[in-house]
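Colleague: Sequence first, predicted coordinates after that:
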Amino acid sequence: MGTVIKFPDMTIKMENPPNRIREWRIDRELKQRELGDMVGLTGVMISHLETGRRDPGLKQLQSIARALKVDTVDLLAREDNPVLMTDDARDFMRVYAHIPDTARSGLQQVAEAMAGFKAQPAVLPMPGADDSGATAKPGKKGRDAA
């Protein structure tokens, strides 16, 4: 699910916005040029930061956050924002930090496989079933038993 950004006469949907600068700038009813003037950047540079063409440095993020009157962490993309993480995700990150680098790629493969996993009804063999799935009747052994 992407972020929907509404303008008076149009709507823009960014599937994975690189940060939340645009979201907060629009909330504060500022144009890119106006925000740029407040922080010593051009409107074009603000556009590049909002779209991910350029990565903001820490000082730029801090300056933009002050101008928008938000915490610096509020400008991070939602998935990069540690404040927005669930307790389970934070716990997992703590454990992950202690896993040796050599084991991390294996863990990543498991996580990716699980993320794509969709629960399917399990088809388990019935007790007493042969390889074909046919079930023998209790007390009889095979077809010839009387």
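Modeller: Thanks, I have the structure now. Numbers count the residues shown, from 1 in each chain.
Colleague: How is the chain divided into domains?
Modeller: 3-80, 85-115 (automatic domain parsing).
Colleague: Among those, show me which one is buried the most.
Modeller: Among these, domain 3-80 has the highest mean neighbour count (mean count of other C-beta atoms under 10 Å), at a mean of 15. The C-beta positions use only the backbone N, C-alpha and C, and glycine is treated the same way.
Colleague: Mind putting the domains of the chain into JSON lines with mean pLDDT?
Modeller: Converted to JSON lines, the domains of the chain look like this (pLDDT from 0 to 100):
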{"stretch": "domain 3-80", "mean pLDDT": "82"}
{"stretch": "domain 85-115", "mean pLDDT": "80"}
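Colleague: my guess is residue 38 meets residue 67, correct?
Modeller: Yes: the pair formed by residue 38 and residue 67 meets the contact definition of C-beta atoms under 8 Å, at 4.2 Å.
Colleague: Spell out the residue ranges of the helices in this structure.
Modeller: Taking DSSP state H as the criterion, the chain contains helices spanning 21-27, 32-39, 43-51, 58-68, 87-97, 101-115.
Colleague: Only alpha carbons, please: show the shortest one as CSV.
Modeller: Only the C-alpha atoms of helix 21-27 are listed here, as CSV (Å, rounded to 0.1, in the frame of the first residue of the first chain):
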residue,chain,number,x,y,z
ILE,A,21,9.5,15.2,3.2
ARG,A,22,6.8,15.7,0.6
GLU,A,23,4.1,14.5,2.9
TRP,A,24,5.0,17.0,5.6
ARG,A,25,5.7,19.8,3.2
ILE,A,26,2.2,19.5,1.7
ASP,A,27,0.7,19.2,5.2
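Colleague: packing partners for that helix?
Modeller: Applying 3 or more C-beta pairs under 8 Å, 6 or more residues apart in numbering; DSSP states H and E, we find helix 21-27 packed against strand 3-6, helix 43-51, helix 58-68.
Colleague: quick one: residue 31 and residue 96, what's the gap?
Modeller: 41 Å (C-beta to C-beta, to the nearest Å).
Colleague: actually residue 71, not the one I wrote
Modeller: 25 Å.
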